[in-house]
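Visitor: Turn this into a model:
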Amino acid sequence: MKAQRMKVQSVRRWDRETALVAQVAACVSFISFAYYFQHGDLLLYGDAVAHINIARRVFDSRTPGLLQLGTVWLPLPHLLMIPFLLSDSAWQSGIGGSIPSMIAYALGAAGIFRLVRKALSVNSQPDLTARIAAWLSALIYAANPNLIYLQITAMTESLYLALFIWAVVYFSEFAQELSRKDTTARETSSSLMKCGLCLAAACLTRYDAWFLAVAMCLAALVVGLRLRADHQILRRSLAKFVLLAAAAPALWLAYNAIIYRNPLEFANGPYSARAIERKSTSPAHPGSHDLPLAFSYFLKSAELNMAEGSWQKLWVALLLLGTLGILIRDRRLWPLLLLWVPLPFYMLSIAYSGVPIYLPVWWPFSFYNIRYGLQLLPLFAVAAALFAYFLLRLVQKKLAGTIVVSTGLILLAASYGSVWRVQRVCFREAWVNSRSRIALETELASNLKKLPYDSAVLMYLGDHVGALQRAGIPLRRTINEGNHRPWKAPTDREGLWERALANPSQYVDFVVALDGDPVAVAVQKQSLSSLVVIRTAGQPAATIYWTHRSTR
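Guide: You can find the predicted model right below:
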């Protein structure tokens, strides 16, 4: 009885330790949010603005509903934002999009801690060395300067990383429980089902998870083939896991097939990455149809997210050393190798799916999608912690262990310090690419504010919906491409969007046209009065027209 009580207390103590990691990460998240919010940096990423407004138009639209979620981006991040965007101020400021990302950041830090501590525990009881490695991995993850910035935006990286990490956590625990004799089949199945739920949620967050789902299903099937014939409960659980992992992609394919008449609309439709690349007049991006070069660009983006200059090679070395430690010293840690999955996924995406990464240090010497390198952050954090763990196990003296830990912390501080000194690469990416867009949207918003508060506006929102957000004009006051009925292909003459384009003066009071967009093409055939033309460097000219619609 006494031993059982001590065991329960021990488990609770470790649970409190994981909670402490989440609480510390939450404090870091809130402090960084306060800093970036004060400096007006929540909405630098154009994709963050787009995510917020996709979620907003589900209820703020002439034609509200779940179809406003569109097709290219997966729906879960937008669905999680909706409750926080009901407030107009949270929508305009971008706070509503930040909250889910901030929560995910804290959960991700706790997940990394639990993953390493539990994987290194012997008989479910972590020793001091395992706990030190776990704290180190959580510190590497949570203190990363680029993640600290991204987690206060409406971007999907923070949410996906949390789901990715927890899926690996539960899969690792499943593998551990399977190898122990003191766990029941029900407990083992529970870990696998939790992994499946995290994986399904990840599959509704980013397409990265679809590749991860295949890798995890293959790993689970290999485990299943090694089970004894009497493990029927676990075999059924493995079958359920595979079905659960496949359910989210199947649901999205079915949605696209029903609504867009094309199950792969998100991959080859007019708004897909492949279609955007085809429209580009620039040369093919680096790594296109070149797997080795695609590997180099993705790995370099990961290095840039970890450090600057010569410090980058240190992280690559730690990554390789930690991985070799698993393969040579402790193969029971093999589930942690699933953290490598983003590397082949992005290699293939860059080479064959029209997904470019531009780096400031390599041709074409610009910033684009560098944040994708953060997908290897969990691998860097875990591999470095494992290397420290193996090193600590080799040294027996307390002084030597203290030197190892102190050296690791100093190197971490120096590495991340190099990032803070020259500005975070993800922040630079957002800032460089936002300057001309924000200049246009700010000027356009100042003119839109002068329109009568109840006026209706025709505008294409695919590129500069931020102008309406800045002006505080509800999306339901606009007719936009979201009012098109996507199942009516290739044209929908009876649709609200199409009718407004054909005859703006019948439906709206004002028209906002940006050179080259569908509205600008349509109004060329109309005799409308131009009120103002806004020109900013690097952006198409924006024109506000008055339609002379009769007073209602």
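
Visitor: Please, where are all the strands along the stretch 451-552 of the chain?
Guide: For the stretch 451-552 of the chain, the strands defined by DSSP state E, counting those that start in this stretch occupy 457-459, 478-479, 510-514, 529-534, 542-546.

Visitor: could you redo those as TSV and give each row mean pLDDT and mean neighbour count?
Guide: Every residue, glycine included, has its C-beta placed from N, CA and C. Below are the strands of the stretch 451-552 of the chain laid out as TSV (pLDDT from 0 to 100; neighbours: other Cβ atoms under 10 Å):
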stretch	mean pLDDT	mean neighbour count
strand 457-459	97	25
strand 478-479	97	25
strand 510-514	97	25
strand 529-534	94	14
strand 542-546	96	21
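
Visitor: what's the closest of those strands to Leu319?
Guide: Closest to Leu319 of those is strand 510-514 (Cβ to Cβ; 44.3 Å).

Visitor: before we move on, back to that, among the strands of the stretch 451-552 of the chain, which comes closest to Ser349?
Guide: Closest approach to Ser349 among the strands of the stretch 451-552 of the chain (Cβ to Cβ): strand 510-514, 29.4 Å.

Visitor: Can you name every helix or strand that the closest one contacts?
Guide: With contacts taken as 3 or more Cβ pairs under 8 Å, 6 or more residues apart in numbering; DSSP states H and E, strand 510-514 sits against strand 457-459, helix 518-523, strand 542-546.

Visitor: Which stretch among those approaches Gln423 most closely?
Guide: strand 542-546 (30.2 Å).

Visitor: quick one: contacts of that closest one?
Guide: 440, 444, 447-448, 464, 504, 509-515, 520, 523, 526, 528-534 (Cβ atoms under 8 Å, 6 or more residues apart in numbering).

Visitor: circling back to that earlier point, out of the strands of the stretch 451-552 of the chain, flag the one nearest Arg393.
Guide: strand 510-514 (61.3 Å).

Visitor: Parallel or antiparallel, which strands does the closest one pair with?
Guide: According to DSSP bridges, strand 510-514 forms sheet pairs with strand 457-459 (parallel), strand 542-546 (antiparallel).

Visitor: Work out the gap between the first one and the centre of the chain.
Guide: If I follow you right, that is strand 457-459. Computed by Cα atoms, centre = their mean, to the nearest Å, the chain-centroid distance of strand 457-459 equals 30 Å.

Visitor: which outside residues touch it?
Guide: So strand 457-459 is contacted by 448, 451, 468, 473, 477-480, 500-501, 504, 507-513, 519 (Cβ under 8 Å, 6+ apart).

Visitor: secondary structure class for Ser366?
Guide: coil (DSSP: H, G, I helix; E, B strand; the rest coil).

Visitor: mind checking how far it is from Ser301?
Guide: Counting by Cβ to Cβ, to the nearest Å, the separation of Ser366 from Ser301 is 13 Å.

Visitor: if we can go back for a sec, of the strands of the stretch 451-552 of the chain, which approaches Gly65 most closely?
Guide: strand 478-479 (15.8 Å).

Visitor: could you pull out the helices for the stretch 151-300 of the chain?
Guide: Along the stretch 151-300 of the chain, the segments classed as helices by DSSP state H, counting those that start in this stretch run 157-179, 185-203, 208-225, 232-260, 265-268, 273-279, 291-306.

Visitor: Counting by contacts, list what whichever helix or strand comes after the last one packs against.
Guide: Right, the one you point to is helix 291-306. From helix 291-306 onward toward the C-terminus, using DSSP states H and E, the following helix or strand is helix 311-328. On a contact count with 3+ Cβ pairs under 8 Å, 6+ apart, helix 311-328 meets helix 291-306, helix 377-394, helix 398-422.

Visitor: Out of the ones you listed, which gets nearest to Val49?
Guide: helix 291-306 (22.1 Å).

Visitor: ok, which stretches of the stretch 1-150 of the chain are helices?
Guide: 2-38, 46-56, 76-81, 88-93, 95-119, 128-142, 145-150.

Visitor: For those, give me JSON lines that also has mean pLDDT.
Guide: Putting those into JSON lines (pLDDT from 0 to 100) gives the following:
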{"stretch": "helix 2-38", "mean pLDDT": "77"}
{"stretch": "helix 46-56", "mean pLDDT": "97"}
{"stretch": "helix 76-81", "mean pLDDT": "98"}
{"stretch": "helix 88-93", "mean pLDDT": "97"}
{"stretch": "helix 95-119", "mean pLDDT": "97"}
{"stretch": "helix 128-142", "mean pLDDT": "96"}
{"stretch": "helix 145-150", "mean pLDDT": "98"}
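
Visitor: Looking at the helices and strands packed on strand 510-514, which is nearest to Gln151?
Guide: Ranking the helices and strands packed on strand 510-514 by proximity to Gln151 (Cβ to Cβ) places strand 457-459 first, at 31.1 Å.

Visitor: export the helices of the stretch 151-300 of the chain to a markdown table and tack on distance to Ser349, mean pLDDT and mean neighbour count?
Guide: Below are those laid out as a markdown table (distance: least, Cβ to Cβ, whole Å; pLDDT from 0 to 100; neighbours: other Cβ atoms under 10 Å):
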| stretch | distance to Ser349 | mean pLDDT | mean neighbour count |
| --- | --- | --- | --- |
| helix 157-179 | 14 | 94 | 24 |
| helix 185-203 | 16 | 91 | 21 |
| helix 208-225 | 9 | 92 | 18 |
| helix 232-260 | 16 | 92 | 17 |
| helix 265-268 | 11 | 90 | 19 |
| helix 273-279 | 8 | 75 | 13 |
| helix 291-306 | 8 | 97 | 21 |
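
Visitor: And the helices and strands packed on helix 311-328: which comes nearest Val355?
Guide: helix 291-306 (9.1 Å).

Visitor: what's the offset of the closest one from the middle of its chain?
Guide: The answer for helix 291-306 is 18 Å, by Cα atoms, centre = their mean.

Visitor: same for that helix, what does it pack against?
Guide: Where contact means 3+ Cβ pairs under 8 Å, 6+ apart, helix 291-306 is packed against helix 311-328, helix 342-352, helix 377-394, helix 425-448.

Visitor: sorry, back to before: tell me which of the helices and strands packed on helix 311-328 is the most buried.
Guide: helix 377-394 (a mean of 24; mean count of other Cβ atoms under 10 Å).

Visitor: coming back round to it: which residues are common contacts for Ser366 and Ser301?
Guide: Here Ser366 and Ser301 share the contacting residues Leu359, scored by Cβ under 8 Å, 6+ apart.

Visitor: Enumerate every residue touching the closest residue in space to Asp88 that isn't next to it in sequence.
Guide: Distances taken as Cβ to Cβ, 6 or more residues apart in numbering put Gly472 closest to Asp88, at 6.6 Å, once the chain neighbours are dropped. Going by Cβ under 8 Å, 6+ apart, Gly472 touches 88, 92, 449.

Visitor: which residues touch the spatially closest residue to Leu69 that is not a sequence neighbour?
Guide: With Cβ to Cβ, 6+ apart as the criterion, Leu69 has its nearest non-adjacent residue at 4.7 Å, and that residue is Pro75. Pro75 is in contact with 66, 69, 204, 252, counting by Cβ under 8 Å, 6+ apart.

Visitor: Work out the gap between stretch 278-289 and the centre of the chain.
Guide: 24 Å.

Visitor: Mind listing what's buried along it?
Guide: 285-288 (16 or more other Cβ atoms under 10 Å).

Visitor: With stretch 419-435 instead?
Guide: 419, 424-431, 433-434.

Visitor: Which residues does it contact?
Guide: Contacts for stretch 419-435 (Cβ under 8 Å, 6+ apart): 41, 44-46, 145-146, 148-150, 153, 304-308, 360, 366-368, 370-371, 374, 538.

Visitor: likewise stretch 87-94?
Guide: Here stretch 87-94 makes contact (Cβ under 8 Å, 6+ apart) with 37, 42-43, 48-49, 52, 56, 84-85, 95-96, 153-154, 469-470, 472, 474.

Visitor: That'll do, ta.
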